[in-house]
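Peer 1: got a predicted structure plus its sequence, pasted below:
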Amino acid sequence: MLKLTDLTHSALPEITQPVSESELPSSVAKRVKRSVLSAFGAVGGFNLVKASRWRTSRLLVLGYHGVSLYDEHLWEPALFLSPGRFARRMELLRERGYFVIGLDEGLARLAAGNLPPASVALTFDDGLYCFHKVALPILERLNLPATLYFTTFYSEFQEPVFDVLCSYVLWKSRSRRLDLKSLTGDDGTFDLGNACQRQAAEAAILRYASRENLSARDKVHFGERLAFELAFDLDFVKENRLFSLMTADEVADASSRGVSVELHTHRHRVPLERTAFLREIDENRLRIQKMTGRSSVHFCYPSGYYSQALVPWLRESRIQSATTCDPGLVSAATPAMVVPRLIDVSSLAESEFEGWLCGASAFLPSRHRELPLESRRPAEFVARTESVCRDALRSPGLMEITTKLREYDPSGKARLEWLRALWTRGAFPAEAQAAITAARAVAGKADFGFERVLLLEAALGSLDRLTDARLDLATQALVCNQYEFFVNPGEDWRHRFDSSSYSYRAYAGMSLLDRIPAGRLDWEISGIPRSWIPKIRRRDLPRVLRAIATKIGGFKPVVFTHLAFRQTPFATLRESDVNASYLRIARCLALRPELKAIVTASWFYSAETHRVSPHLRWTTRMFEENGGIVSDLGRCPEDAGFLVGSIERQKLYESGDYKPTEGVILWPRRAVLEWLSKQPDAAS
């Protein structure tokens, strides 16, 4: 059996001095950023920025999750720091002369205009036992105030947090292979020494727990079975309270020692339904009040997921501030319900850390860290759509096609890859042709039955993870509506299922949850095409490049929007419909901190089109008035659709008086969220 008892602090690669920048994992961009910051600091730049009026009027909020009891920082360096590295960070605050202030006092003094120079607030998420055991003594030694965002369910339950435990057990078992059949009933053997397969095993376990709606006690039993299967010493983890939360007595003790204990929901989740969300806050607050004797008024979004739809509910709950995981400094103009924080991680070099302390890093492009998904129980409309799709696949016409396909691909995995190939490359792969021919031969009266079977099978897999996909409820409902359209498209729309058509390719992306419906528009995660750069109008190029570098922070990932294939005979493009689509897209972007911007391009965004069709000028107005960048990519392809719907444009084009160009929109994330906060429907 794998034993952990040899893992003491002295046995670990403890970090008490700054690690060489070259020893930290990094990309080319990371190394360039570190070099720039190191050089800037060496010539006194950090001190200049730190002493500036700009920095004096801003508060930096630092966020932490855990400080290792044993080797957790080696397993998940994005969540845990070693004790030595954490102590060094705290010592730097004192050495460099930063004013460490409590979050409540810091926000109040920021609003009052009397914030001390170079102020920093310390926050800790979740309330793991390691905070009380390791972090708190370091904070006390240096006399540093701190805020603890505490989630209360696992404090009462006193078992290791399930998803964290499973991930750690899999990581500690890297020399083994895991067959999930005996644990979940699903086929699949994973080489745990392979990082990708290990992540796939973890995802399969979490899907199983969500699908089966495992209770907290069920999850404990599953964790015990997983540990037994891998010969892992689970007793050591429990005895030493790795991944367990602080008890009520420990929280009370921390509060008596000056820690401000604040809200993080009871079950570490964010329901997107008002009553359920308010219940999470109320249960969390009630339990914390019993532990500390005070009512908490500050909140941190679990896992950093936030939405403007939550803002009125937070205010209803008398919340004074809510912190995110988006990096940045807080100014007096920062909305109280989207307070940025720098999440300090093991891979953050000392030069980068100091760059954020003084504020210099705020002027450099930043990349949002990828956040783990959080399980939610599927909503009723998801379950309904799943039932509709399964019933369709059992219908006589489609069942016959499915049976034929299973002769060639019993597991269904190859069919999923065929569909993915069509979505990404525009055609089914050659190895699929025999099965496709056989399936089409038995299709009978089920027009495009083979194509619909592929979509419905993929849709069922996507429905299983839809509630974990960081889409707002309105968008989840649109996805379900789209899948139900695949079940019964009607005679007028069956032609769209021709696999050679662009519409079917778009449907393939939707079934895989790679293209998302938003109403009049669809969207996907992509990047800003570098091929655009030489096409941008010369007078706009400096402005566009500056926006990509400073406001967007890089070329990807971004939301790229497209006109949707409407299931309606009306093809009009109305401002209200498009704005409603962007509202849904913005809500989804708010739930995904890694997305940098909304990007799109079309002939109807161009000034040349607006000249001959002035009724379309509204298409760029929203972006121009809300921080978007509008430019032009030059001549538009002839098949772009600019002649559709207007006899006048056709005549002008034929006479040479209309020379259509392709307009382009770049809408940075911060500007999108600011626009979203102003929308009257943001809470609907």
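Peer 2: Looks like it arrived, so ask away.
Peer 1: got the contact list for R617?
Peer 2: H610 (C-beta atoms under 8 Å, 6 or more residues apart in numbering). C-beta coordinates here come from the backbone N, C-alpha and C atoms, glycine included.
Peer 1: next one: it from F228, what distance?
Peer 2: According to C-beta to C-beta, to the nearest Å, R617 and F228 sit 67 Å apart.
Peer 1: and M337, that's in a helix?
Peer 2: No. Assigned with DSSP: H, G, I helix; E, B strand; the rest coil, M337 falls outside any helix and is coil.
Peer 1: and the pLDDT for it?
Peer 2: Here, the pLDDT recorded for M337 equals 92.
Peer 1: again, but for S260
Peer 2: 97.
Peer 1: surely it and G106 touch.
Peer 2: No. The pair S260 and G106 does not pass the contact test of C-beta atoms under 8 Å, sitting 10.9 Å apart.
Peer 1: now the longest helix anywhere in the chain: buried residues?
Peer 2: If you go by DSSP state H, the chain has its longest helix at helix 274-292. Residues of helix 274-292 classed as buried by neighbour count (16 or more other C-beta atoms under 10 Å): F277, E280, I281, N284, R285, R287, I288, M291, T292.
Peer 1: leaving out chain neighbours, which residue sits closest to the second one?
Peer 2: Right, E280. Residue nearest to E280 in three dimensions, not counting chain neighbours: T265, with 4.3 Å by C-beta to C-beta, 6 or more residues apart in numbering.
Peer 1: show me what contacts that neighbour?
Peer 2: Contacts of T265 (C-beta under 8 Å, 6+ apart): T151, E280, I281, N284, P302.
Peer 1: what about the longest helix of the chain, average pLDDT?
Peer 2: 94.
Peer 1: return the set of buried residues in stretch 134-151.
Peer 2: For stretch 134-151, the neighbour count (16+ other C-beta under 10 Å) marks 134-136, 138-139, 144-151 as buried.
Peer 1: element containing the residue nearest to E280?
Peer 2: Element membership for T265, per DSSP states H and E: none, as it lies in no helix or strand.
Peer 1: secondary structure class of V630, three-state.
Peer 2: strand.
Peer 1: using CSV, lay out the contacts of T265 together with distance to L398.
Peer 2: CSV is the format used below for these (distance: C-beta to C-beta, whole Å):
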residue, distance to L398
T151, 45
E280, 41
I281, 46
N284, 47
P302, 41
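Peer 1: pLDDT below threshold where in the stretch 51-200 of the chain?
Peer 2: 196 (pLDDT under 70).
Peer 1: now the residue nearest in space to the middle of the chain. Nearest residue, chain neighbours left out?
Peer 2: Residue closest to the mean C-alpha point of the chain, counted by C-alpha atoms, centre = their mean, is R592 at 3.1 Å. Spatially, and ignoring its direct neighbours in sequence, R592 is nearest to R470 (5.1 Å; C-beta to C-beta, 6+ apart).
Peer 1: I343 now?
Peer 2: Closest to I343 by C-beta to C-beta, 6+ apart is G63, at 4.5 Å.
Peer 1: so that neighbour lies in a strand, does it not?
Peer 2: Yes. Secondary structure assignment places G63 in a strand (three-state DSSP).
Peer 1: what are the buried residues along the host helix or strand of E224?
Peer 2: In this structure, E224 sits in helix 216-229 according to DSSP H and E. Neighbour-count burial for helix 216-229, counted by 16+ other C-beta under 10 Å, picks out K219, V220, F222, G223, L226, A227, E229.
Peer 1: what helices and strands are in contact with the helix or strand following that helix?
Peer 2: For helix 216-229, the following helix or strand on the C-terminal side (DSSP H and E) is helix 234-239. Applying 3 or more C-beta pairs under 8 Å, 6 or more residues apart in numbering; DSSP states H and E, we find helix 234-239 packed against helix 162-172, helix 216-229.
Peer 1: and the helix or strand that helix 234-239 is followed by with helix 274-292, angle?
Peer 2: Proceeding N to C from helix 234-239, the next assigned helix or strand is helix 248-256, under DSSP H and E. Here helix 248-256 runs at an angle of 80 degrees relative to helix 274-292 (axes from the mean of the first three to the mean of the last three C-alpha atoms, to 10 degrees).
Peer 1: going along the chain, name the helices of the stretch 1-150 of the chain.
Peer 2: 28-42, 45-50, 53-56, 72-75, 83-95, 103-112, 129-130, 136-141 (DSSP state H, counting those that start in this stretch).
Peer 1: ok, now which ones touch the closest residue to R94 other than its chain neighbours?
Peer 2: Nearest non-adjacent residue to R94, counting by C-beta to C-beta, 6+ apart: L142, 5.8 Å away. Going by C-beta under 8 Å, 6+ apart, L142 touches M90, E91, L93, R94.
Peer 1: try 7 Å
Peer 2: L142 is in contact with M90, E91, R94, counting by C-beta atoms under 7 Å, 6 or more residues apart in numbering.
Peer 1: now these in CSV, with distance to D186 and neighbour count?
Peer 2: Shown next, in CSV, are the contacts of L142 (distance: C-beta to C-beta, whole Å; neighbours: other C-beta atoms under 10 Å):
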residue, distance to D186, neighbour count
M90, 45, 19
E91, 48, 14
R94, 52, 12
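Peer 1: distance of Y502 relative to W423?
Peer 2: 11 Å.
Peer 1: who has more neighbours, the two?
Peer 2: Between Y502 and W423, counted using other C-beta atoms under 10 Å, the more crowded position is W423 (21 against 11).
Peer 1: contacts for stretch 589-600?
Peer 2: 304-308, 325-326, 368, 370-371, 470, 472, 528, 552-554, 557-561, 585, 665-669, 672-673, 676.
Peer 1: dump the C-alpha coordinates for it into CSV.
Peer 2: Written as CSV, here are the backbone C-alpha positions of stretch 589-600 (Å, rounded to 0.1, in the frame of the first residue of the first chain):
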residue,chain,number,x,y,z
LEU,A,589,-18.4,35.4,-20.9
ALA,A,590,-18.8,36.6,-17.3
LEU,A,591,-18.9,33.0,-16.2
ARG,A,592,-15.6,32.2,-18.1
PRO,A,593,-12.8,34.4,-16.8
GLU,A,594,-10.4,33.1,-19.3
LEU,A,595,-12.2,34.7,-22.3
LYS,A,596,-10.6,38.0,-23.4
ALA,A,597,-13.1,39.6,-25.8
ILE,A,598,-16.0,39.2,-28.1
VAL,A,599,-15.0,39.3,-31.8
THR,A,600,-16.9,39.2,-35.0
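Peer 1: and the pLDDT at the closest residue to S501 other than its chain neighbours?
Peer 2: Nearest non-adjacent residue to S501, counting by C-beta to C-beta, 6+ apart: H495, 7.5 Å away. If you check H495, the pLDDT there is 78.
Peer 1: could you confirm H495 falls within a strand?
Peer 2: No. Counting by three-state DSSP, H495 is not part of a strand but helix.
Peer 1: and it, how close does it get to F560?
Peer 2: Distance from H495 to F560, by C-beta to C-beta: 26 Å.
Peer 1: could you chop the protein up by domain?
Peer 2: With domains defined by automatic domain parsing, the chain comprises 29-157+244-363, 162-239, 378-516, 518-684.
Peer 1: now the helices for the stretch 451-600 of the chain?
Peer 2: According to DSSP H, counting those that start in this stretch, the helices that the stretch 451-600 of the chain contains are 473-487, 502-511, 541-546, 575-590.
Peer 1: got those helices as TSV, with mean pLDDT and distance to F236 columns?
Peer 2: Formatted as TSV, those follow (pLDDT from 0 to 100; distance: least, C-beta to C-beta, whole Å):
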stretch	mean pLDDT	distance to F236
helix 473-487	84	41
helix 502-511	90	45
helix 541-546	90	54
helix 575-590	88	41
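Peer 1: that's a strand at W667, yeah?
Peer 2: Yes. Using three-state DSSP, the assignment for W667 is a strand.
Peer 1: good, we can wrap up now.
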